[in-house]
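Engineer: The sequence and its predicted three-dimensional model are supplied below.
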Amino acid sequence: MGPASDRNPRRAAVVGAGLAGLAAAERLAAAGLEVVVLEARERVGGRVWSAQLAGGVVERGGEFVTSGYSVTERTAARLGIALVGMGIDYPDRELHPGPGPGPGALRRGAETAAAAAAVATPGTAAAAALDGAVADGAVREVLAMRLQSALAHPLDALDARFLAHLPDLVTTAEARRVDGGNQRLAEALAARLPGPVRTGSAVREIRREGDAIRVIGEGFELGVEACVVAIPLALLPELRFDPPLPDRQAEAIAAIPTSRAAKLAVPLRSRHAPRALMSARHRFWAWTTVCDGTGGRIANAWAGAAPVLGRLAVEAGPARWLARLGALWPGLDPVAEDALLTDWQRDRWARGAYSVLPGIADPRGDAAIAPPAPNLVFAGEHTAEPEWTGTIEGALRSGARAARDLLGEEPPRARAGPS
Ligand SMILES: Cc1cc2nc3c(=O)[nH]c(=O)nc-3n(C[C@H](O)[C@H](O)[C@H](O)COP(=O)(O)OP(=O)(O)OC[C@H]3O[C@@H](n4cnc5c(N)ncnc54)[C@H](O)[C@@H]3O)c2cc1C
């Protein structure tokens, strides 16, 4: 993209201080722009949110850093932050009741399903494509469970293209986290900016006036020459654009669902070795890790997709989920009254977990993220390359890409090396 660089912006706004917005801001500031980051919350990090619990650290949002997270690794290294092994592999987990199919069978099934999906008739349902591709019922069942859990969206709402995610969902990789909490990445990026992030500053409107942009919120207005909008997809329809986004783009944004997920963390009365288990019946999974600062005295759990959360009665609090966790994992001995439940659907500045995109090129996704103008671009996990949407890595990559777009820089040649 050239015109933005011809315009030589001197002042830019970044809306949203999640990893995407902060990665963009860091690059723009490094290129000599005056950058103002506006964040609705009172903290940075967005859907990466590390909290103290029972003397340790839990991740209420984005947690696992797995294989291929090259930009995350480089960003952490550059910021002097260590990534530490969790003592469990992702996405491996014991199925209960088990034993369930072995890793070889799952891997073969996932690859067969992904290959079938690539040539499926448009509109074929994921479940139907899976049924047609994988003969072994037990393998099919686990693949369906894993896909629904990871995408945090009901399987019956997905079409066959989403099966493209399956091979990654059964391929073992070491799981890591940031030492001391993933949110440190966001805090360290923010600390590198020349000025403080303006927290408590929700943006309501982006108004383009010729080549200038006015960024407007409650009690503030800012005139800039370039802007990165790095808020979650689910909140974009609330942001007023003047002139409005083209109908096709607004419709594309509205058509991409945001997933529904919740996490539970609960202190334990004794230390537990790192382990990961999944409930075949209730479709949530749970883990302990060595890297929580307590050496395994916290149990963590994930539930993805609205029907799963509904059956766990998440809206009413952690009680039913804790009971089912106890049944899945006898001997945990949790301190139930200190449980920490996070339902991202109820989070005012997220309204869900992440974008539900198929992991392969998708015209809906392309239409949704097209820059409205050369000096106004989108960032955020939903704008990442297809294989990285919904991830920490994707957020960081998208921020770097947005900054490059504004600066009129060429994309890096190697697919895996954007920073
Ligand atoms: C429960 C959960 C578990 C996850 N697990 C993993 C995982 O294990 N591994 C992984 O790689 N990824 C995981 N993810 C995904 C990952 O956390 C996200 O993809 C990533 O953090 C998104 O970053 P972002 O910058 O795009 O958006 P966000 O982090 O949401 O940042 C957007 C920011 O914009 C702000 N904002 C919103 N509206 C406005 C407004 N109007 N004005 C100003 N500011 C505004 C928000 O407050 C927020 O700070 C998980 C996500 C969730 C929710």
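Structural biologist: Received the coordinates, thanks. From a predicted model like this one, the values you see are computed outputs, not experimental measurements.
Engineer: Contact partners for Ala175?
Structural biologist: Shown in contact with Ala175 (CB atoms under 8 Å, 6 or more residues apart in numbering): 64-66, 85-86, 88-90, 289. All C-beta spots, glycine's among them, are computed from the backbone N, C-alpha and C.
Engineer: The same query, at a cut-off of 10 Å, please.
Structural biologist: 63-67, 85-92, 274, 276, 287, 289, 291 (CB atoms under 10 Å, 6 or more residues apart in numbering).
Engineer: Give the buried subset of these as a PyMOL selection command.
Structural biologist: Per 16 or more other CB atoms under 10 Å, the buried members of the contacts of Ala175 correspond to this PyMOL selection:
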select buried, resi 63+64+65+66+86+87+88+89+90+91+274+276+287+289+291
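Engineer: now, which of the contacts of Ala175 lie close to the ligand?
Structural biologist: Under the cut-off given by CB under 6 Å from any ligand atom, the ligand has 63-64 from the contacts of Ala175 close to it.
Engineer: So which of the contacts of Ala175 belong to strands?
Structural biologist: Members of these lying in strands (criterion: DSSP state E): 85-90, 276, 287.
Engineer: how about the helices in the chain?
Structural biologist: For the chain, helices defined by DSSP state H occupy the ranges 3-7, 19-30, 70-78, 103-118, 126-133, 137-151, 166-169, 183-191, 247-255, 306-311, 319-328, 363-369, 392-407.
Engineer: quick one, the last one and helix 70-78 angle?
Structural biologist: Which is helix 392-407. Here helix 392-407 runs at 90 degrees with respect to helix 70-78, directions being taken by axes from the mean of the first three to the mean of the last three CA atoms, to 10 degrees.
Engineer: Is helix 392-407 in proximity to the ligand?
Structural biologist: Yes: judged by CB under 6 Å from any ligand atom, helix 392-407 comes into contact with the ligand at 392-395.
Engineer: for stretch 370-386, same thing?
Structural biologist: Yes: legend: contact between stretch 370-386 and the ligand by CB under 6 Å from any ligand atom is shown at 380-381.
Engineer: buried stuff in that stretch?
Structural biologist: Residues of stretch 370-386 classed as buried: 371-372, 374-384, 386 (neighbour count, 16+ other CB under 10 Å).
Engineer: ditto for stretch 251-268
Structural biologist: Those buried within stretch 251-268 under the rule 16+ other CB under 10 Å are 252-253, 256-268.
Engineer: Can you give me the end-to-end span of it?
Structural biologist: 47 Å (CA to CA, to the nearest Å).
Engineer: same deal with stretch 197-207?
Structural biologist: End-to-end distance of stretch 197-207 (CA to CA): 21 Å.
Engineer: can you give me the offset of it from its chain's centre?
Structural biologist: Once both centres are worked out by CA atoms, centre = their mean, to the nearest Å, stretch 197-207 turns out to sit 22 Å from its chain's centre.
Engineer: does that stretch come close to the ligand?
Structural biologist: Yes: Stretch 197-207 is in contact with the ligand by CB under 6 Å from any ligand atom, via 202-203.
Engineer: Looking at the buried residues of stretch 251-268, which are in strands?
Structural biologist: 261-267.
Engineer: now the residues you listed in CSV, with pLDDT?
Structural biologist: CSV is the format used below for these (pLDDT from 0 to 100):
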residue, pLDDT
Ala261, 98
Ala262, 98
Lys263, 98
Leu264, 98
Ala265, 98
Val266, 98
Pro267, 98
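Engineer: Go back to these and keep what's next to the ligand.
Structural biologist: Applying CB under 6 Å from any ligand atom to those, those adjacent to the ligand are 261, 263.
Engineer: Contact residues of the stretch 1-150 of the chain facing the ligand?
Structural biologist: Selection of the stretch 1-150 of the chain residues close to the ligand by CB under 6 Å from any ligand atom yields 15-21, 38-41, 46-48, 61-64.
Engineer: rerun at 5 Å
Structural biologist: Contact residues (CB under 5 Å from any ligand atom) of the stretch 1-150 of the chain with the ligand: 15-16, 18-20, 39-41, 46-48, 61-64.
Engineer: Could you do the stretch 201-350 of the chain as well?
Structural biologist: Residues of the stretch 201-350 of the chain lying close to the ligand by CB under 5 Å from any ligand atom are 202-203, 231-232, 235, 261, 344, 349.
Engineer: so can I have a markdown table of those residues showing distance to Phe220?
Structural biologist: Below are those laid out as a markdown table (distance: CB to CB, whole Å):
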| residue | distance to Phe220 |
| --- | --- |
| Ala202 | 10 |
| Val203 | 9 |
| Ile231 | 16 |
| Pro232 | 21 |
| Leu235 | 18 |
| Ala261 | 32 |
| Trp344 | 27 |
| Trp349 | 17 |
